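> Take this sequence and fold it.
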Amino acid sequence: MQKKLLKITAIVLGSVLILIVLLNIGFSLWLKYKLPDYLKTKTPYEITYQSLNVEILSGSISANQIEVKTKQPNNLEVLALEGSLGNLNISRLDIIEFLKNNQIEANSIKLTNPNLKIRLAKPKEEKNKKNPIPFTIKNIEIEKGNIEIHKPDNTKLFSANNLNIDLKNLSLNQNPNELPFALDSYKISANQFYAQIGEIYSLNSSELKTVNGELIINNFELKPLIDFKNWEQNFKTQKTFFDIKSKSISFNDLVFNKKKLSFKNAQVVDPIFILQNRDNKVVKSNKEKSNFNIDFENFDIKNGQFSILKSNGKKSLSLVKFNANLKEFVMNEDTSKNKIPFTYKDYKVSGNQFFYDAGKYYNMDLSSFEMSSQNIDLKNFKLKPKVSRAEFVRMIPMENDLFDISANRIQFSGINWKFENDKPNIRLKNAKLTNVDANIFRSKIPKDNPKEKLLYSKLLRTIKFPLVVENLNLIQSKLVYEEDTPDSNGPGKVIFTHFNMDVENLNSNKQKGANTKVPIVINCKFMDASPMKVNWNFNTADMRDNFTIAGTINDLPAVDINPFIKPYLNVSATGTITSLNFDFKGNNDIMNGKFKITHKDLKVSLLDKKTREKKKFLSAVVNLVVRKDSKQFPESVDVYVERNKERSFFNLFWKGIEDGLKKTLISINVDKVKENVEDVKETVKETKKKIKEAKREIKNNRLKKKEAQS
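Predicted structure coming up:
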């Protein structure tokens, strides 16, 4: 019984296998002889070929000398094909899916000498319904192809001449937040390559090829398809409009994954980057952020040019030439959560002829610069006004400073910065500024600015993150401050040349337990004539903003302070101030301290406030008093000034100097002169009265004598 059951089972299974084989052979023969009729009647294409070979068991199809043409080229509902193929080879094709749904699912496809024009079908209008991926093919190979792909409106989407492609394990992706495809390996070469990227840009290349695993793109262009005005009106969620060219771009070990793009080395040669920004605000987009990862070991830009344009086409930033290198760059889901959404190991950037439009009043220039993660070196820095002083005064709504600053070199070294709790933490070992030439002009003609001018300790505290500059050095520089008032005859001027300043521990008082004291030492020539030394100290942790500032000026020709005292004190001087000493302390409210000068051959001229002419009599009397008191000058005078919080620290400092000058050089003597002048006036008045009385008495005596004689 058991043997009989086994025999029956074997017969049944054998019969089934034979039936399957017969059905496969029959279906294969049917496809071979009926497929032409099926293609002719059941597909929207007219397809002819010289030979066709179908292997139903392996799902392989091969054909040669194929011609294809769309039956109804004006029907936008179907994909349109026109052209020819030398050979077509498909392996492991799902023939049922192809015949039933016109969907190609295969392991591999090879096209030899394809010369095709393809027009995509019009997308289906059903809302929230994605169009199916037109094919699922793991491996694609194309030899010597000339292919064009167009949108339904005949806008070119892709084209390439002499196209050769070998893609392994390709998978397409419809997730807009990821890369559109992934693959394991690739080889490609093409001429006159073109691909539309989104609605705004196209990617162009005269030649594209892979050589020993390196992808090389020659004469690369990311080119706008529309003009800036069109983009500005219709793409309001975007801030920047791009136009990029490069002589060549190359990548080593380029890897595509749905969520990752990586490469070992990249090099961009002779690129030209032009970016144009809209003036109006960007409309917030509801589009989700992309979450794919990017990483690369080494990225080089050689001999690049860079420009950012305003909406009107004028440059806001430009760089005539630059080179850049970035190492071990990573941007992924983890880094995207940080304030800076990427990490890197190191970078280097160098460039020439940098220009920046720094707003309404200034332009900034650099002749060259070098930057790395540890150091910054800027050469021939310039911050220049766009307008004249008169224009600036007319333009500003209230009083403000106009700066004109240059520096031969600015260097930052030992840069160490990171983010902690979404805030930067910056530490700088050295900052060195060499041959700075700074001119600061302020006009008192516009109305006062009511905003409080913070003292430097408080100003540093307003920085919201930890900042420490261990050493700041200003070397062989020149500082000029000029101030013009409606009453002054030209601006008052204070000049410091051969200016050297050393600052330690410049900080923002944001690191617990750290030293917050800031000592400053200044050595310079005051009014480009006399040695000057200053010691200035403050503490950023002091909420009352206490400070001390003390210094000496020696062998100062009095004529050199005339540009400062003449417009404000209506005084000019000659001779020599042999020493000037000040020792002040203050806070956010007041400043007081000691002030002393000694002089030699000092002469003072008092000037008429309106005409600026010398008051000869008063000046003569003043100089008599000055000469008389020159050896009896007070040891020092007490200075006390209240701070106007709408003025800067330097305004407070110079108010102290002015108070000292008045009390030692001018006001005491002028007061004495006034007292003497009043005495003289009384004496003259009394003398005139007595002379008048004497004349009257003489006259009366003469009359009496005459009467007596008669």
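> Mean confidence (pLDDT) on the helix or strand Thr552 falls within, please.
In this structure, Thr552 sits in strand 547-557 according to DSSP states H and E. Strand 547-557 comes out with an average pLDDT of 94.
> ok, and what's touching that strand?
Residues outside strand 547-557 that contact it (CB atoms under 8 Å, 6 or more residues apart in numbering): 455, 457, 522, 526-527, 529-538, 575-587, 593, 653. (Each C-beta comes from the backbone N, C-alpha and C, glycine too.)
> Now with 6 Å, please.
By CB atoms under 6 Å, 6 or more residues apart in numbering, the surrounding residues in contact with strand 547-557 are 526, 529-538, 576-577, 579-586.
> Emit the PyMOL select command for whichever of these are buried.
Restricted to buried positions by 16 or more other CB atoms under 10 Å, the PyMOL selection for those reads:
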select buried, resi 526+529+530+532+534+536+538+576+577+580+581+582+583+584+586
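> which ones among the contacts of strand 547-557 are found in strands?
Those of the contacts of strand 547-557 mapping onto strands are 526, 530-538, 576-577, 579-586, per DSSP state E.
> start to end distance for stretch 229-249?
End-to-end distance of stretch 229-249 (CA to CA, to the nearest Å): 30 Å.
> just stretch 338-355 next, same as before
Start and end residues of stretch 338-355 are separated by 31 Å (CA to CA).
> Please identify the buried residues of it?
Buried residues in stretch 338-355, defined by neighbour count with 16+ other CB under 10 Å: Val349, Gly351, Phe354, Phe355.
> Same check on stretch 544-562?
Using 16+ other CB under 10 Å as the test for burial, stretch 544-562 gives 545, 547, 549-554, 556, 558, 560-562.
> just stretch 261-277 next, same as before
Neighbour-count burial for stretch 261-277, counted by 16+ other CB under 10 Å, picks out 261-263, 266-269, 271, 273-277.
> likewise stretch 402-414?
Buried-residue list, stretch 402-414, by 16+ other CB under 10 Å: Leu402, Asp404, Ile405, Ser406, Ala407, Asn408, Ile410, Gln411, Phe412.
> Going by distance to Val571, which of these wins?
Within the buried residues of stretch 402-414, proximity to Val571 (CB to CB) peaks at Leu402, which comes in at 27.0 Å.
> so that closest one, which of the three states?
Secondary structure, DSSP: H, G, I helix; E, B strand; the rest coil: Leu402 is strand.
> Bridged to it, which residues?
Beta bridges link Leu402 to Phe441, judged by DSSP bridges.
> Can you read off the pLDDT for it?
94.
> switch to numbering from 2
Taking 2 as the first residue, the last one we looked at is Leu403.
> Test my guess that it contacts Arg443.
No. Counting by CB atoms under 6 Å, Leu403 does not reach Arg443; the two are 7.4 Å apart.
> Which residues are in contact with Asn140?
Asn140 makes contact with Ser109, Lys169 under the criterion CB under 6 Å, 6+ apart.
> Let's see the pLDDT reported for it.
Looking at Asn140, its pLDDT stands at 83.
> Over to it: give its phi and psi.
phi -130, psi 130 (degrees, to the nearest 10).
> ok, so what distance separates it from Leu89?
Going from Asn140 to Leu89 by CB to CB, to the nearest Å gives 14 Å.
> hang on, the earlier thing: will you turn the buried residues of stretch 403-415 into a markdown table that also has distance to Lys433?
Shown next, in a markdown table, are the buried residues of stretch 403-415 (distance: CB to CB, whole Å):
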| residue | distance to Lys433 |
| --- | --- |
| Leu403 | 26 |
| Asp405 | 21 |
| Ile406 | 16 |
| Ser407 | 16 |
| Ala408 | 10 |
| Asn409 | 11 |
| Ile411 | 7 |
| Gln412 | 5 |
| Phe413 | 8 |
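> For these, point out the one with the lowest pLDDT.
Lowest pLDDT of the buried residues of stretch 403-415: Leu403, 94.
> what residues are up against it?
Pro386, Phe393, Phe442.
> Which parts of the stretch 2-151 of the chain are helices?
Per DSSP state H, counting those that start in this stretch, the stretch 2-151 of the chain carries helices over the ranges 3-43, 96-102.
> same question but for the stretch 252-401 of the chain, I mixed them up
With DSSP H, counting those that start in this stretch as the criterion, the stretch 252-401 of the chain has helices at 390-396.
> can you pull the pLDDT of the residue nearest to Gln354 when sequence neighbours are not counted?
Nearest non-adjacent residue to Gln354, counting by CB to CB, 6 or more residues apart in numbering: Val321, 3.8 Å away. pLDDT recorded at Val321 is 96.
> Just give me the neighbour total for Val321.
As a burial measure, Val321 scores 13 neighbours (other CB atoms under 10 Å).
> Save the buried residues of stretch 403-415 as CSV, and put in distance to Leu209 and secondary structure too.
CSV is the format used below for these (distance: CB to CB, whole Å; DSSP: H, G, I helix; E, B strand; the rest coil):
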residue, distance to Leu209, secondary structure
Leu403, 53, strand
Asp405, 51, strand
Ile406, 48, strand
Ser407, 47, strand
Ala408, 46, strand
Asn409, 46, strand
Ile411, 43, strand
Gln412, 43, strand
Phe413, 41, strand
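> which one among these gets closest to Thr113?
Phe413 (60.3 Å).
> What residues are bridge-paired with the closest one?
With DSSP bridges as the criterion, the beta-bridge partners of Phe413 are Ile377, Ala432.
> what sits against it?
With CB under 6 Å, 6+ apart, Phe413 has these contacts: Ile377, Leu429, Ala432.
> got JSON lines for these, with pLDDT and neighbour count too?
Output for the contacts of Phe413, formatted as JSON lines (pLDDT from 0 to 100; neighbours: other CB atoms under 10 Å):
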{"residue": "Ile377", "pLDDT": "96", "neighbour count": "17"}
{"residue": "Leu429", "pLDDT": "95", "neighbour count": "19"}
{"residue": "Ala432", "pLDDT": "97", "neighbour count": "20"}
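> from the buried residues of stretch 403-415, which single one is nearest Asp296?
Using CB to CB, the buried residues of stretch 403-415 come closest to Asp296 at Phe413, 28.5 Å.
> burial count for Ala515?
Here the number of neighbours of Ala515 (other CB under 10 Å) works out to 13.
> no, scratch that, I was asking about Ala196
Number of residues near Ala196 (other CB under 10 Å) recorded here: 15.
> now do Pro225
Residues near Pro225, counting by other CB under 10 Å, number 18.
> tell me the contacts of it?
Residues near Pro225 by CB under 6 Å, 6+ apart: Tyr202, Asp244.
> For it, give its distance to Asp271.
Pro225 sits at a distance of 20 Å from Asp271 (criterion: CB to CB).
> Identify the bridge partners of the nearest residue to Gly552 once chain neighbours are set aside.
Among residues not flanking Gly552 along the chain, Val535 sits closest, at 3.7 Å (CB to CB, 6+ apart). Using DSSP bridges, the beta-bridge partners of Val535 come out as Ile523, Gly552.
> ditto for the one 5 residues further on
With DSSP bridges applied, the residues forming beta bridges to Asn540 are Lys518.
> Test my guess that it contacts Asn516.
No. Asn540 is beyond contact range of Asn516, at 9.4 Å (criterion: CB under 6 Å).
> ok so, going back, state the distance from the residue nearest to Gln354 to Asn563.
Val321 is 45 Å from Asn563, where distance means CB to CB.
> same deal with Ile273?
As judged by CB to CB, Ile273 and Asn563 stand 55 Å apart.
> got it, and Gly493?
Plainly put, Gly493 is 10 Å away from Asn563 if you go by CB to CB.
> How about Phe300?
From Phe300 to Asn563 the distance is 60 Å (CB to CB).
> Kindly report the same for Lys459.
As judged by CB to CB, Lys459 and Asn563 stand 35 Å apart.
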